[in-house]
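Asks: Predicted model and sequence follow; I will ask about them next.
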Amino acid sequence: MVSTVIILAILSGILVFFNAKESKHGEGFKVGLKQLLRVLPVVLIAFVFSGMLEALIPDAFIQNWLSREAGIKGILVGTIGGMLLAMGPYASFPIIASMYGAGASLGTTVSLITGWTLLGLSRLPYEGGFLGFRFTLLRMAFSFPFCLAVGFIAHIIDTLNLLPWHL
Amino acid sequence: MNKTFISLTIITIALTLTAYLTGGFPLVMEGLKNAQGISLQALPLLLVAFILIGQLQILLSIEYINKWLQKFSETKGIVYSALAGGLFPGPPYVYYPFTASLKEKGLPFYIFFSFILGKQVYDFGRIPMEVSLISPGIALLRFLITLPVPIVMGFLSRYLFTEKVIEFMFGRKEA
């Protein structure tokens, strides 16, 4: 986790350097801080939510529906679950993390994230409102098999132990 | 944001009550301990992540991305528009009006489509959140597996979304 902080800090430093050339780095800090303060209450409550969920979720449910042994069933549940997580990343990601922490497989977890990104219902009012509901529904239907495929690839990587790094 | 906070608080209270009724005080404490563990891991990361997000938003203006999108077509257009979508700053109420304006400008459908998918799948501004709130390893794996998705879907859209389909979706002919 420390190494991740360092990598993100280095990346931030590079962007600060570029923005400093036009004296815009201060504005960047302000924008970032403003956003952090705006989402912090949601993030904190999402942490409590996730902690409770992790404690409450029955082992049998994880084993039957979300674990590696659940296979395709887990990928399908993950994709639909991701779609139903109709919240922003600040609330959805801790919940996905708690599912993984509780024993959901890699395939299910990746399906949850991909389902959330491509099918997430939280964006439906905006996309439908600005681009039309026919377009939105067709786009979602077209995206659905891709979510399953992504989850399936992650499942194969997990099952065959092909992941070259630790999670 | 307020609605999310209120609904999430209500569900969290309901979960806490369920924990109390099913496992008593020890289960509630276990939940809170889990929450503490997640918070201690994620909060330092969140702080750095938001510095990154703020700087990224300043570096990439909407005008810059708009100019970029007009430059390319065909295969390059699909790849660059997916990347531009990923780099586009802002929440849904900012980028959907922008994509609607792209449609009005007469950009080919596949470019417009790849842009939307690029934003949804790549969203480089969201990656620091994914890294800090889920896990760096899972975020990297998810990113690598989904990397071709907007491009493949953009390519397919050229053949599958014929003028008739586009007309059905938007109610009129597109460029």
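Replies: In hand now; what should we look at?
Asks: From what I see, B:F124 and B:F88 are in contact.
Replies: No. Contact between B:F124 and B:F88 fails when scored by Cβ atoms under 8 Å: they sit 9.0 Å apart. Yep, even glycine has a C-beta here, placed from its N, CA and C like the rest.
Asks: buried sites along stretch A:53-73?
Replies: By neighbour count on 16 or more other Cβ atoms under 10 Å in any protein chain shown, the buried set for stretch A:53-73 is A:53-57, A:62, A:65-68, A:70.
Asks: Look at B:F124 and B:F88 and report which has more neighbours.
Replies: Higher neighbour count among B:F124 and B:F88: B:F88, with 24 against 19, using other Cβ atoms under 10 Å in any protein chain shown.
Asks: doesn't B:L102 make contact with that one?
Replies: No. The pair B:F88 / B:L102 is not scored as a contact, 10.6 Å apart, by Cβ under 8 Å.
Asks: between those two, what contacts are shared?
Replies: Residues touching both B:F88 and B:L102 by Cβ atoms under 8 Å, 6 or more residues apart in numbering or on different chains: B:F115.
Asks: From chain B, how far out is A:L167?
Replies: According to Cβ to the nearest Cβ, to the nearest Å, A:L167 and chain B sit 4 Å apart.
Asks: residue in chain B nearest to chain A?
Replies: Proximity of chain B to chain A (Cβ to the nearest Cβ) peaks at B:G54, 2.3 Å away.
Asks: Tell me how far that residue lies from B:A84.
Replies: Remark: distance between B:G54 and B:A84 (Cβ to Cβ, to the nearest Å) = 20 Å.
Asks: Name the residue closest to the centre of chain A, please.
Replies: Taking Cα atoms, centre = their mean, the centroid of chain A lies closest to A:I113, which sits 3.8 Å from it.
Asks: any residue of the helix or strand it falls within up close to chain B?
Replies: Element membership of A:I113 [criterion: DSSP states H and E] is helix A:106-119. Yes. Applying Cβ under 8 Å from any Cβ of the partner chain, one finds that helix A:106-119 is in contact with chain B at A:106, A:109-110, A:113-114, A:117-118.
Asks: which other helices and strands contact that helix?
Replies: When contacts are defined as 3 or more Cβ pairs under 8 Å, 6 or more residues apart in numbering or on different chains; DSSP states H and E, helix A:106-119 packs onto helix A:72-84, helix A:89-102, helix A:133-159, helix B:109-121, helix B:136-146.
Asks: In which helix or strand does the residue of chain A found nearest chain B reside?
Replies: In chain A, the residue found nearest to chain B is A:G32; the distance is 2.3 Å by Cβ to the nearest Cβ. A:G32 is part of helix A:25-56 when elements are defined by DSSP H and E.
Asks: What residues of the next helix or strand after the helix holding A:I113 count as buried?
Replies: Remark: after helix A:106-119, the chain's next helix or strand is helix A:124-131, criterion DSSP H and E. Buried residues in helix A:124-131, counted by 16+ other Cβ under 10 Å: A:124, A:126-127, A:130-131.
Asks: In chain B, which helix is the longest?
Replies: Determined from DSSP state H, the single longest helix within chain B is helix B:2-59.
Asks: where in chain B is pLDDT low?
Replies: B:1, B:172-175 (pLDDT under 70).
Asks: got a list of what the closest residue to A:G151 other than its chain neighbours touches?
Replies: Leaving aside its sequence neighbours, A:G151 sits nearest to A:S111 (Cβ to Cβ, 6 or more residues apart in numbering or on different chains; 3.2 Å). If you count contacts by Cβ under 8 Å, 6+ apart, A:S111 has them with A:74-79, A:81-82, A:147-148, A:150-151, A:154.
Asks: On the pLDDT front, check A:S111 for me.
Replies: The model reports A:S111 with a pLDDT of 96.
Asks: How much space separates it from B:K3?
Replies: For A:S111, the distance to B:K3 equals 26 Å [Cβ to Cβ].
Asks: closest to B:V165 among the buried residues of helix A:124-131?
Replies: Nearest to B:V165 out of those is A:L131 (Cβ to Cβ; 14.3 Å).
Asks: that older thread, turn the contacts of A:S111 into CSV, columns for distance to B:L107 and neighbour count.
Replies: Formatted as CSV, the contacts of A:S111 follow (distance: Cβ to Cβ, whole Å; neighbours: other Cβ atoms under 10 Å in any protein chain shown):
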residue, distance to B:L107, neighbour count
A:G74, 39, 27
A:I75, 34, 28
A:L76, 35, 18
A:V77, 37, 21
A:G78, 33, 33
A:T79, 30, 27
A:G81, 34, 21
A:G82, 29, 26
A:C147, 26, 29
A:L148, 29, 19
A:V150, 27, 27
A:G151, 31, 31
A:A154, 33, 28
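Asks: now these as TSV including pLDDT?
Replies: Output for those, formatted as TSV (pLDDT from 0 to 100):
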residue	pLDDT
A:G74	93
A:I75	95
A:L76	95
A:V77	94
A:G78	94
A:T79	95
A:G81	92
A:G82	92
A:C147	96
A:L148	96
A:V150	97
A:G151	96
A:A154	96
